[in-house]
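J.: 3D, please:
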Amino acid sequence: MAGLTLASPSAERRPAWSPWRETWRRYRRHKLAVISAFLLIVLIVAVVFGPFVWRVSINEIDFSARLEGPSLAHPFGTDDLGQDILARMIYGGRISLAVGLAAMAVAVLVGTLIGALAGMSRGALGHALMWLTDLFLSLPQLPLLLLLIYLFRDGLKAVFGPEGGIFILIVLVIGGLRWMPVARLVRAQFLSLREKEFVEAARALGASPLRQVVRHILPNAVGPVIIAGTIDVAAAIIAESTLSFLGLGFPPDTPTWGRLLFDAKDFLDIGPHWALFPGGAIFVAVVAINFIGDGMRDALDARRVI
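T.: Numbering: from 1, shown residues only. As a prediction, this is how the structure comes out:
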């Protein structure tokens, strides 16, 4: 049996290769992305489970404690009505993060659909969709955002309630104005992938265009879409905070992070903590999401050697 060789124990224990394992290996090489993912998870856990730990009411008024700085009783201080800022930030964080994720979902779905249609079309449809995309890209987003909020705010409030109507409106408007980069990115991926050999083989075997997209092209284009989606989450959080800061977002009794900044702007000299903590939460969330996007870009780009 001299010709036989035994596999070493280390080779037997070597984990099987998989795309997800390789993606995680490449992602954890990006130290800032790993730290950012940890910070974002901590932030999400805090806003989801925080009310079960910190049971102070967001509407509890105590004029004797108005504009107090951070203390054991109020770790983030109080506002001009003596309301606990930590409790209001936990409540508002749910809304701000939910708006970001929902608006990202709208932008990714619309952008992927339009980009896929434009990328698979070889005629006038693709040119018309890209013309529509360029038209939306040329529009000034903030003035248009303010105009749409002003026009449709009262109608949706009457149908879905003060909070539900504003949430639906903000998500649809922000998502409806953020799909264009996703559409251009998906179209570029489709134009490249539809000429690859594996797609040509599927087409030669009789695969329908829908099957080519769902089984062969879209799974290979999902990486850049995920990266664009993470960027859209950060942009949506900033847009919601901007609307709330301008007084066009959620009602005054709904303490989103942007609304807390709006309420604190007149007390920056005597109560800077009121603006510092919600502003810091927005900063941490946006920077963390951007670094996560950078890490996912490196992890999902097979052409980069890490």
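
J.: Next SSE downstream of the helix or strand Ala234 falls within?
T.: Taking DSSP states H and E as the criterion, Ala234 maps to helix 218-245. Remark: after helix 218-245, the chain's next helix or strand is helix 257-264, criterion DSSP H and E.

J.: average pLDDT for the longest helix anywhere in the chain?
T.: If you go by DSSP state H, the chain has its longest helix at helix 85-120. For helix 85-120, the mean pLDDT works out to 90.

J.: next one: it to chain centre, how far?
T.: 5 Å (CA atoms, centre = their mean, to the nearest Å).

J.: Compute the inter-axis angle for the helix or strand following that helix and helix 85-120.
T.: The helix or strand immediately downstream of helix 85-120 is helix 124-138, counting by DSSP H and E. Put simply, helix 124-138 runs at 150 degrees to helix 85-120, going by axes from the mean of the first three to the mean of the last three CA atoms, to 10 degrees.

J.: got the buried residues for the longest helix of the chain?
T.: Neighbour counts over helix 85-120 (16 or more other CB atoms under 10 Å) mark 85-93, 95-97, 99-108, 110-112, 114-120 as buried. All C-beta atoms are positioned from the backbone trio N, CA, C, and that covers glycine.

J.: residue contacts, the spatially most central residue of the chain?
T.: With distances taken as CA atoms, centre = their mean, Val233 lies nearest the centre of the chain, 1.8 Å away. Contact analysis of Val233 by CB atoms under 8 Å, 6 or more residues apart in numbering lists Gly100, Leu101, Ala103, Met104, Ile289.

J.: Most widely separated two among these?
T.: Spatial extent of those (CB to CB) is set by the pair Ala103 and Ile289 at 12.6 Å.

J.: can you tell me which residues contact Ser121?
T.: Contacts for Ser121 (CB under 8 Å, 6+ apart) come out as Leu129.

J.: what's the distance between it and Arg88?
T.: 49 Å (CB to CB, to the nearest Å).

J.: what does Arg28 give?
T.: In terms of CB to CB, Arg28 sits 35 Å off from Arg88.

J.: One more: Gly155?
T.: 28 Å.

J.: show me where pLDDT drops low in the stretch 151-300 of the chain?
T.: In the prediction, the stretch 151-300 of the chain carries no residues with pLDDT under 70.

J.: now with 90?
T.: 151-179, 181-182, 185-186, 188-273, 279, 282, 285-287, 289-300 (pLDDT under 90).

J.: contacting residues around stretch 240-253?
T.: For stretch 240-253, contacts defined as CB under 8 Å, 6+ apart pick out 59, 95-96, 99-100, 103, 142, 145-146, 149-150, 153, 162-163, 166-167, 170, 174, 256-259, 261-263, 265, 282.

J.: Report the buried residues of that stretch.
T.: In stretch 240-253, counting by 16+ other CB under 10 Å, buried: Glu240, Ser241, Thr242, Leu243, Ser244, Phe245, Leu248, Gly249, Phe250.

J.: What is the most widely separated pair among the residues you listed?
T.: That would be Thr242 and Phe250, which, of those, are the farthest apart (CB to CB) at 12.6 Å.

J.: Isn't Val106 up against Val171?
T.: Yes. Contact criterion CB atoms under 8 Å: Val106 and Val171 qualify, at 6.2 Å.

J.: hey, what's in contact with both of these two?
T.: By CB under 8 Å, 6+ apart, no residue touches both Val106 and Val171.

J.: Not counting sequence-adjacent ones, nearest residue to Leu268?
T.: Distances taken as CB to CB, 6 or more residues apart in numbering place Ala275 nearest to Leu268, at 5.9 Å, with adjacent residues excluded.

J.: How about Ala46?
T.: Nearest non-adjacent residue to Ala46, counting by CB to CB, 6+ apart: Ile90, 6.7 Å away.

J.: Against Pro255, how distant is the one you found?
T.: In terms of CB to CB, Ile90 sits 9 Å off from Pro255.

J.: May I ask which helix or strand encompasses the closest residue to His30 other than its chain neighbours?
T.: Using CB to CB, 6+ apart and skipping the chain neighbours, the partner closest in space to His30 is Gly295 (3.8 Å). Using DSSP H and E, Gly295 falls within helix 272-300.
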